[in-house]
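Chemist: here's my sequence, what's the structure:
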Amino acid sequence: MPHHTIMVIDDHPLLRYGFQMLLQPDYALTIMPEPTDNAGLFAYIHQHVPRMIILDINIHAFSGIDFIKKLRHKRVPSYILVFSQSQERNDIYAAIDAGADGYILKNCDVDYLADQIKNAFQGKKIFSESVCKILQEREHFHDPITYLTRRESDVLKELACGMKNKEIARALYISEETVKVHIRNILKKLNVSTRLAASLLYLKHRLPR
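Modeler: The predicted structure follows:
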């Protein structure tokens, strides 16, 4: 087995232990302790440049999507594998657009995961079957809300309910300034110029029919 280096970033101790049991015999493995900030992680990656980085996109301490974007912006060549329980189109699209090379769901079989990691080291893009289907459908799927990140979708949902910035900030436990940034990004991604237009798009594509 080639001497491949793998770095695992996840805030669940049992999952980190599981990766250690699965991969340690065959790979040079770095299991990071519970993430508290991305600055230390990025410095470690920049210094050691692992062949593969396995991470969840929904890490408590920071945004996995933003972390992937930062890695790609700095031209980190590592294979980035998202290992997540989220099957949301928004999360899948955002991860791939950010620069992830693969996306495997956490409910997968252990042997399947091990085989897919081997495939990744052969240069293949690896995706769970349901994720692959969502990606294949993307060009025919015309729901603009799917281009938003999960947090942007949360903000837009509150916006569509008529909430003001301060109320949205309180409901989502974020600052008012962060709400403003999200709203600017939402308007840009949806190609609309007003909060009302964005709200109407949300209601059109998210209300039950």
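
Chemist: the closest residue to residue 180 other than its chain neighbours: how many residues sit nearby?
Modeler: Excluding the flanking residues, the one nearest residue 180 by Cβ to Cβ, 6 or more residues apart in numbering is residue 165, at 6.4 Å. Using the backbone N, CA and C atoms, a C-beta is placed for each residue, glycine as well. Around residue 165 there are 19 other residues, counting by other Cβ atoms under 10 Å.

Chemist: distance of residue 135 from residue 121?
Modeler: 21 Å (Cβ to Cβ, to the nearest Å).

Chemist: can I see the domain layout of this structure?
Modeler: Domain ranges of the chain: 5-140, 144-206, per automatic domain parsing.

Chemist: which of the ones you listed has the lowest average pLDDT?
Modeler: For the domains of the chain, mean pLDDT drops lowest on domain 5-140, to a mean of 87.

Chemist: which residues touch the helix or strand containing residue 43?
Modeler: In this assignment (DSSP states H and E), residue 43 forms part of helix 38-48. By Cβ atoms under 8 Å, 6 or more residues apart in numbering, the surrounding residues in contact with helix 38-48 are 5, 7, 9, 30, 32, 35, 53, 61-62, 66-67, 70-71, 74, 76, 78.

Chemist: centre of the chain to it, how far?
Modeler: From the chain centre to the centre of helix 38-48 is a distance of 18 Å (Cα atoms, centre = their mean, to the nearest Å).

Chemist: so for that helix, what gets flagged as buried?
Modeler: Neighbour counts using 16 or more other Cβ atoms under 10 Å place 38, 41, 45 of helix 38-48 among the buried residues.

Chemist: phi and psi next, for residue 55.
Modeler: phi -150, psi 160 (degrees, to the nearest 10).

Chemist: that one: neighbouring residues, count only.
Modeler: Neighbours of residue 55 (other Cβ under 10 Å): 25.
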